[in-house]
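1. need a 3D model of the following:
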Amino acid sequence: MSSNAATHDDHDHHHAPSGWRRWVFSTNHKDIGTMYLFFALFMLFFGGAMAMVIRAELFQPGLQFVSPEFYNNMFTNHALIMIFGMVMPAAAGMANWMIPLMIGAPDMALPRLNNLSFWLLPAGGLMLVMSIIAPWVGGGTAVTAGWTLYPPISLQAGMSMDLLIFTIHLLGISSILASINIVTTVLNMRAPGMSMMKMPLFVWAWFFTAILLILIMPAFAGGVTMLLFDRHFGTSFFDAAGGGDPVLFQHLFWFFGHPEVYVLLLPSIGVLGMVIPTFSRKPLFGYKSLVWGMAFLATLGMVVWAHHQYTVGMSIWATKYFMIGTILISIPIGLMKFNFIFTMWRGALTFETPMLFAIAIILMFAFAGVTGVMLAVVPADLQYHDTYFVVAHFHYALIPGAVFGLYAGVFYWLPKWTGHMYDEKLGKIFFWWTTITFNITFFPQHFSGLAGMPRRIVDYGVQFTEFNTISSLGAFAFGLSHLLFLYIIIKTIKGGEPAPAMPWEGAQAGTPGLEWTVPSPPPFHTFETPPEVK
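-> Numbers count the residues shown, from 1 in each chain. This is a model prediction of the structure:
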């Protein structure tokens, strides 16, 4: 076996492609991970620019800059780009980079499939851009149905909608293939002695994420395919005029769309499981309960989708079931929060940038949890539904829950990826800048929502002006902070101080360095004062 491997390495050494070929034909998990991360970074700015258009328009009541149709197209594409173009590829980049290293595998199990998974993304991105410019080039109407693509609006849009359906197919295939690859890698490629229950939490998080994606993506693919058939082949799956049911599409969409939230959250929970023990200098508190908590979360997340649909006229029993199931989700989420807090308890904490983001996630995700329980309760949700309260809720779930987790991971692993330490002072400025401006942007939206401001509408009553002005100013500052993020990354790649072999020195109790390729050491008594850090 070893002699074969040696010959294989020599062969690679002599025939390794260079220049653009190295990237285009890459089957190396690190190169593919890097491409995912750069793609996500580009999409962060592309989708963020759309958010800036939305907030500029909502700065004052009345129509300022864009037509209602263009505005609706912007928030539709902002969501699709941030979810499919930014958060998922960034998390997949981290998975590609770190999972083989963490489980002691030479690479991903299916390297060529890995290459295909990545290259479907730019193809899908191109289709998405075409769907945005199609109305100007070829006439027809833009996609204005929101990221949920509800019929009948999505049955009426022009060619843009067809391009968007094709985009979703491409991105969905990419997700499913990448997920099959991750599950296969985790099950078959672990080093001898690396049992499932010794895997770092990040690997577990991605294992559950991948299983979720394999289960839910086909439902969405089926839904948009039926939509395509309704649009072009005379079927009436969702067209009430032909005996179809528009609410059927909602069920297909949310069967995908609600677990998708956990697809975005779980990788970040995995990052927290690496970052918090490192900077607390203590093993993770309750490793097994975190693993089972994630399993419980993924399972429950699959069966509560219709809490997005309380207003469609489901039976009282169905509604009750979805309400109770949704409230139960707060149990695994709360368990994880307390596990992370207990990991920090009496640890020798230091507050480097990754740790600051981790603590911010624990604090701010609590808002999403509280508003989530409020939205789960049927009579209350009938009031909050489709108001800005919902917008505030899911941005508190997704920005601290998913995006800040990715930032924590980027700052944590940048030394590993680049060989250079990032500028800690700039990292901390970026942390405070994003955290403060994020709250200025989205906290007021709870109040405008409770006061009855509907979401997804280009204009609003004058009584909501102050909240929207504050929100827009916060959003511009939040958007601006990402230029600093870009600067930090470029600066680190071009060369900061060289990263030592163990960048976060003394990062595990009882071990000399950082846990990024090995599981935690056997725990010492959790409530003793940890050994002094050198």
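
2. what does the host helix or strand of R21 contact?
-> Element membership of R21 [criterion: DSSP states H and E] is helix 20-24. With CB atoms under 8 Å, 6 or more residues apart in numbering as the contact definition, helix 20-24 has outside contacts at A16, D31, M35, W119. Just so you know, the C-beta spots here come from the backbone N, C-alpha and C atoms, and that holds for glycine as well.

3. and the next helix or strand past the longest helix seen in the chain?
-> If you go by DSSP state H, the chain has its longest helix at helix 246-280. The helix or strand immediately downstream of helix 246-280 is helix 287-302, counting by DSSP H and E.

4. the inter-axis angle of that next one versus helix 246-280?
-> Relative orientation of helix 287-302 versus helix 246-280 (axes from the mean of the first three to the mean of the last three CA atoms, to 10 degrees): 160 degrees.

5. other SSEs contacting helix 287-302?
-> helix 201-232, helix 246-280, helix 330-344 (3 or more CB pairs under 8 Å, 6 or more residues apart in numbering; DSSP states H and E).

6. drop anything exposed from the contacts of helix 20-24.
-> Using 16 or more other CB atoms under 10 Å as the burial test, the contacts of helix 20-24 include D31, M35, W119 as buried.

7. which SSE is the closest residue in space to the second one that isn't next to it in sequence in?
-> Spatially, and ignoring its direct neighbours in sequence, M35 is nearest to F118 (5.6 Å; CB to CB, 6 or more residues apart in numbering). F118 is part of helix 111-138 when elements are defined by DSSP H and E.

8. chain center to that helix: distance?
-> 19 Å (CA atoms, centre = their mean, to the nearest Å).

9. now the following helix or strand past it: buried residues?
-> Heading C-terminal from helix 111-138, the first helix or strand you meet, by DSSP H and E, is helix 153-156. For helix 153-156, burial by neighbour count (16+ other CB under 10 Å) applies to I153, S154, L155.

10. re earlier: elements contacting the longest helix of the chain?
-> Partner elements for helix 246-280 (3+ CB pairs under 8 Å, 6+ apart): helix 88-103, helix 201-232, helix 287-302, helix 330-344, helix 353-376, helix 388-398, helix 405-418.

11. adding mean neighbour count and mean pLDDT, write those out as TSV.
-> Output for the helices and strands packed on helix 246-280, formatted as TSV (neighbours: other CB atoms under 10 Å; pLDDT from 0 to 100):
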stretch	mean neighbour count	mean pLDDT
helix 88-103	25	96
helix 201-232	21	96
helix 287-302	18	96
helix 330-344	18	95
helix 353-376	21	96
helix 388-398	22	97
helix 405-418	24	95
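
12. circling back to that earlier point, which parts of the helix holding F118 are buried?
-> 114-115, 117-121, 124-125, 127-128, 130-132, 134-135.

13. sorry, back to before: and the helices and strands packed on helix 246-280: which comes nearest N72?
-> helix 388-398 (14.6 Å; CB to CB).

14. about what we covered before: closest one to L272 out of the contacts of helix 20-24, please.
-> M35 (25.1 Å).

15. in which helix or strand does the closest one reside?
-> Per DSSP H and E: helix 29-57 holds M35.

16. picking up where we left off before, closest to S472 out of the buried residues of helix 153-156?
-> Among the buried residues of helix 153-156, and counting by CB to CB, the member closest to S472 is I153, at 26.1 Å.

17. so the closest one makes contact with T144?
-> Yes: using CB atoms under 8 Å, I153 is in contact with T144, at 6.4 Å.

18. tell me the pLDDT at the residue nearest to M35?
-> F118 is assigned 97 on the pLDDT scale.

19. and if you look at the one 5 residues further on?
-> At A123, the model reports a pLDDT of 97.

20. contact partners for it?
-> Applying CB under 8 Å, 6+ apart, the residues contacting A123 are L170.

21. neighbours of the nearest residue to M52 once chain neighbours are set aside, how many?
-> Among residues not flanking M52 along the chain, G479 sits closest, at 5.3 Å (CB to CB, 6+ apart). For G479, the count of nearby residues is 17 (other CB atoms under 10 Å).

22. could you dump the helices and strands packed on helix 287-302 into a markdown table with distance to Y71 added?
-> Compiled in a markdown table, those are given as follows (distance: least, CB to CB, whole Å):
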| stretch | distance to Y71 |
| --- | --- |
| helix 201-232 | 23 |
| helix 246-280 | 22 |
| helix 330-344 | 33 |
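
23. between those helices, which gets nearest to M161?
-> Among the helices and strands packed on helix 287-302, helix 201-232 sits nearest to M161 (CB to CB), with 6.9 Å.

24. return the list of helices and strands in contact with the closest one.
-> Right, helix 201-232 is packed against helix 88-103, helix 153-156, helix 159-188, helix 246-280, helix 287-302 by 3+ CB pairs under 8 Å, 6+ apart.

25. for the longest one, buried residues please.
-> Residues 246-247, 249-280 are the ones in helix 246-280 that count as buried (16+ other CB under 10 Å).

26. over to the third one?
-> Residues of helix 159-188 classed as buried: 159-183, 185-186 (neighbour count, 16+ other CB under 10 Å).

27. for it, give the mean pLDDT please.
-> 96.

28. same check on the longest one?
-> When the per-residue pLDDT values of helix 246-280 are averaged, the result is 96.

29. can you get me the centre-to-centre distance for that helix and its chain?
-> In terms of CA atoms, centre = their mean, the centre of helix 246-280 is set 7 Å apart from its chain centre.

30. what angle separates it from helix 353-376?
-> Using the same axes, to 10 degrees: helix 246-280 against helix 353-376 is 150 degrees.

31. could you double-check that M127 lies in contact with F166?
-> Yes: using CB under 8 Å, M127 is in contact with F166, at 5.2 Å.

32. in a helix, that's where M74 is, yeah?
-> Yes: M74: assigned to a helix according to DSSP: H, G, I helix; E, B strand; the rest coil.

33. okay, now it: neighbour count?
-> 23.

34. now do the one 10 residues further on
-> Here the number of neighbours of F84 (other CB under 10 Å) works out to 25.

35. equivalent analysis for P379, please.
-> Neighbours of P379 (other CB under 10 Å): 8.
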